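Colleague: Using only what follows, build the 3D model:
(one chain, ligands or ions: 1)
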Amino acid sequence: MPLDIIIGAQWGDEGKGRITDRLAESAAVAARYSGGDNAGHTVTIGGEIFKLNLLPSGLLNPRTVGVLGNGMVINPKRLIEEMDKLAARGVDVTPNRIKISYAAHLITPGHIALDQASEAALGTGKIGTTGRGIGPAYTDKIARRGVRMESLLDMESAADQVMAQIEQTNRTLQVAYGQPPLDARAVASEFASYVHRLLPYITDTALYLHEMLKAGKTVLAEGAQGALLDIDHGTYPYVTSSSPTTGGAFIGLGVGPGFLGRVIGVVKAFQTRVGEGPFPTEAFGAEAERLRGTGANPWDEFGTVTRRPRRCGWLDLVLLRYSARVNGLTELAVTKLDVLSGLERVRLCKSYRREGKVYDELPLGPAHLEGFEAVYEELPGWSADLTGARKPDDLPAAARQYLARIEALTGLKISMASVGPEREQLVIF
Ligand code: IMP
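Modeller: Residues are numbered from 1 along each chain as shown. Coordinates of the predicted model:
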C-alpha cells in the first residue's frame, strides 16, 4: 500500500517519464505533485513517442489513474490540448482516469507575459526559464492572490478572478516593464470556455489518494524537474519556483509520510543542465557534443519544451550524494547508460577542489558551486552496444564496474538502468 516517489536527482530531464511508465505497471495511480508544463516527459512504446507536459506519464498504462495534485500550476489551455492529443492516439482521458485537484493553481496568459517580460528585463542575468509562466503563477499562489482550479466550479467567479489577475498583471507589465496590457475581458471569456471541459475532472485528489492508499493500492508520486532545481534545495536562483524534492510530494499531494515506500532517484549516466547557472562537470566542444547527440533523435539532449541544446558533462557524485540526502533516496534508477558506449574512458566526479582543498560535500549547498573544480575518477569505457541488454549479465564488465562505482560512492543500490528509449530497454538488478 505504499506511496512510492520518483525524484529527478539532477537538474531535470533524467528520464523520469519512462521510469514512471515502467513502475506504473504495478501502480493504481500516478500523481504529479509540482510544476506545470515546464516539464517534458517522453515515453516510447513500440516505436511510438509520447511527450507529456502536464499529465502524469503513468497514464500511458491503461490501468493507472492520473492525478494532477494541488502542488501543480496548470495552464488549462495546454492541459486540454494535451488531453485531446492523447485521446486522438487512443488513450482514455475521461474523468474516471484523470483527476485534478481543486486546489491546484491556474496559469493565465498574464503569468506567461510576466515570465517572458521578467526574463527579457534581466538580460544576461536571466534565469533561462521555460517561459511558461511558472514563476509568476507560484508568486501569486504565495502572495495569496492566485486563481485555483476550484474557481472553475462557478463560471462567474472564474471570470471575476481571472479578470482581477489580468488587471493586476497589466499594472506590472506597463509600469515595471513598459509592455502593452493584455485584454482582461478576452482572457476571462477564454477561461469561461474551459469551465465545461474541465469541471468533471476537478475533485479532492488528496482524499482520493488517501482512500487508494488505505485500500492497499500503490500510488506513484511522479516528480517533475529535479532536486537541483528545487526552490529551497537547488542551485538558487537558477531554479524553478516549486519543490520537486521528496518533501514537495507530501505537500503537493496532501498525503502524509506514513504511507511512504520507495524513493527512487532517477539519474542520467552523465549530467545535463538547461538554462543558466554553474555546472562543475560541464564538458565542452567535441566531448559535450558526443554526450548531447545531434538532435536527430528525439531523446538527444535538446529540451523537450524549448528545444534548447542542453549543457552536457560528466556525472557529478557530489551533487548526487547531496540529492540523495535531501530526498531520502532509497535507490537509484540510472538512465541512458547506452549513450556512454564507445567512449575509451568514462569519468565520475567524486569530489571537488577549491583553493587546494578537497571537498566531498558542499560546504554551503549547491547554490554556492562557483569556484569548485571537479575531481574525477577515470574508468575504462566499453565498446559494446548495450541496447539489447535486459539482465545485469548482458552488460560488459566495464559498464558494470561503472555502475558499481556509482553505488560505492553514493551508498545507494541501483535497481534499474535504461539502455535505450523503448519501454522494454531496461536492465533490472
Ligand atoms: P521555469 O521552471 O520555467 O521557471 O524555469 C526555471 C529553471 O528550471 C530554468 O533553468 C529551466 O530551464 C529549468 N527547468 C524547468 N523545468 C525543467 C525541466 O522539466 N527540465 C529541465 N529543466 C527545467
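
Colleague: where along the protein do the helices fall?
Modeller: 16-23, 76-88, 109-122, 134-142, 155-177, 184-198, 205-214, 246-253, 285-292, 317-327, 397-410 (DSSP state H).

Colleague: Of all those helices, which one is nearest the ligand?
Modeller: helix 134-142 (4.1 Å; CB to the nearest ligand atom). Where C-beta positions appear, they are placed from N, C-alpha and C, glycine not excepted.

Colleague: picking up where we left off before, ranking the helices of the chain by burial, who's on top?
Modeller: helix 16-23 (a mean of 26; mean count of other CB atoms under 10 Å).

Colleague: same for that helix, what does it pack against?
Modeller: strand 3-8, strand 41-45, strand 219-222, strand 260-268, strand 331-335, strand 414-418 (3 or more CB pairs under 8 Å, 6 or more residues apart in numbering; DSSP states H and E).

Colleague: returning to that earlier point: pipe the helices of the chain into JSON lines and attach mean pLDDT per row.
Modeller: Listed next are these as JSON lines, based on pLDDT from 0 to 100:
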{"stretch": "helix 16-23", "mean pLDDT": "92"}
{"stretch": "helix 76-88", "mean pLDDT": "97"}
{"stretch": "helix 109-122", "mean pLDDT": "96"}
{"stretch": "helix 134-142", "mean pLDDT": "98"}
{"stretch": "helix 155-177", "mean pLDDT": "94"}
{"stretch": "helix 184-198", "mean pLDDT": "93"}
{"stretch": "helix 205-214", "mean pLDDT": "98"}
{"stretch": "helix 246-253", "mean pLDDT": "98"}
{"stretch": "helix 285-292", "mean pLDDT": "93"}
{"stretch": "helix 317-327", "mean pLDDT": "98"}
{"stretch": "helix 397-410", "mean pLDDT": "98"}
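
Colleague: Using JSON lines, lay out those helices together with distance to Phe429.
Modeller: Formatted as JSON lines, the helices of the chain follow (distance: least, CB to CB, whole Å):
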{"stretch": "helix 16-23", "distance to Phe429": "13"}
{"stretch": "helix 76-88", "distance to Phe429": "32"}
{"stretch": "helix 109-122", "distance to Phe429": "41"}
{"stretch": "helix 134-142", "distance to Phe429": "35"}
{"stretch": "helix 155-177", "distance to Phe429": "49"}
{"stretch": "helix 184-198", "distance to Phe429": "41"}
{"stretch": "helix 205-214", "distance to Phe429": "27"}
{"stretch": "helix 246-253", "distance to Phe429": "22"}
{"stretch": "helix 285-292", "distance to Phe429": "24"}
{"stretch": "helix 317-327", "distance to Phe429": "17"}
{"stretch": "helix 397-410", "distance to Phe429": "8"}
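
Colleague: Any idea how many residues pack against the closest residue to Ile428 other than its chain neighbours?
Modeller: Excluding the flanking residues, the one nearest Ile428 by CB to CB, 6 or more residues apart in numbering is Met416, at 5.3 Å. The tally of other residues near Met416 (other CB atoms under 10 Å) stands at 18.

Colleague: Now do the same contact list for Met416.
Modeller: Neighbouring residues of Met416 by CB atoms under 8 Å, 6 or more residues apart in numbering: 19, 22, 333-334, 426-429.

Colleague: What score does it have for pLDDT?
Modeller: Predicted confidence (pLDDT) for Met416: 97.

Colleague: Look up how far the ligand lies from it.
Modeller: 21 Å (CB to the nearest ligand atom, to the nearest Å).

Colleague: want to throw the helices of the chain into CSV with distance to the ligand?
Modeller: Formatted as CSV, those follow (distance: least, CB to the nearest ligand atom, whole Å):
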stretch, distance to the ligand
helix 16-23, 9
helix 76-88, 13
helix 109-122, 7
helix 134-142, 4
helix 155-177, 16
helix 184-198, 20
helix 205-214, 21
helix 246-253, 13
helix 285-292, 14
helix 317-327, 14
helix 397-410, 21
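
Colleague: Just tell me which of those ends up closest to Thr64.
Modeller: Smallest distance to Thr64 across the helices of the chain (CB to CB): 9.2 Å, for helix 16-23.

Colleague: Could you tell me the angle between the closest one and strand 331-335?
Modeller: 120 degrees (axes from the mean of the first three to the mean of the last three CA atoms, to 10 degrees).

Colleague: Could you give the number of residues near the nearest residue to Leu86 once chain neighbours are set aside?
Modeller: Spatial nearest neighbour of Leu86, excluding adjacent residues (CB to CB, 6+ apart): Val93 at 5.4 Å. Neighbours of Val93 under the rule other CB under 10 Å: 18.

Colleague: Tell me how far Val93 lies from Tyr102.
Modeller: With distances taken as CB to CB, to the nearest Å, Val93 is found 19 Å from Tyr102.

Colleague: just Ile112 next, same as before
Modeller: Taken as CB to CB, the span from Ile112 to Tyr102 is 23 Å.

Colleague: Next: Ile231.
Modeller: Taking CB to CB, one finds Ile231 at 23 Å from Tyr102.

Colleague: isn't Thr108 right up against Val187?
Modeller: Yes - using CB atoms under 8 Å, Thr108 makes contact with Val187 at a distance of 6.3 Å.

Colleague: Now do the same contact list for the closest residue to the ligand within the stretch 251-400 of the chain.
Modeller: Per CB to the nearest ligand atom, Gly275 is where the stretch 251-400 of the chain lies closest to the ligand, at 2.4 Å. If you count contacts by CB under 8 Å, 6+ apart, Gly275 has them with 127-129, 238, 308.

Colleague: what two of those are the furthest from one another?
Modeller: Distances among the contacts of Gly275 were taken as CB to CB; the most separated pair is Tyr238 and Arg308, at 14.0 Å.

Colleague: quick one: which of those two has more around it?
Modeller: Tyr238 (22 against 13).

Colleague: ok, back up a step: please identify which of the contacts of Gly275 is nearest to the ligand.
Modeller: Of the contacts of Gly275, the one sitting nearest to the ligand (CB to the nearest ligand atom) turns out to be Thr129, at 3.6 Å.
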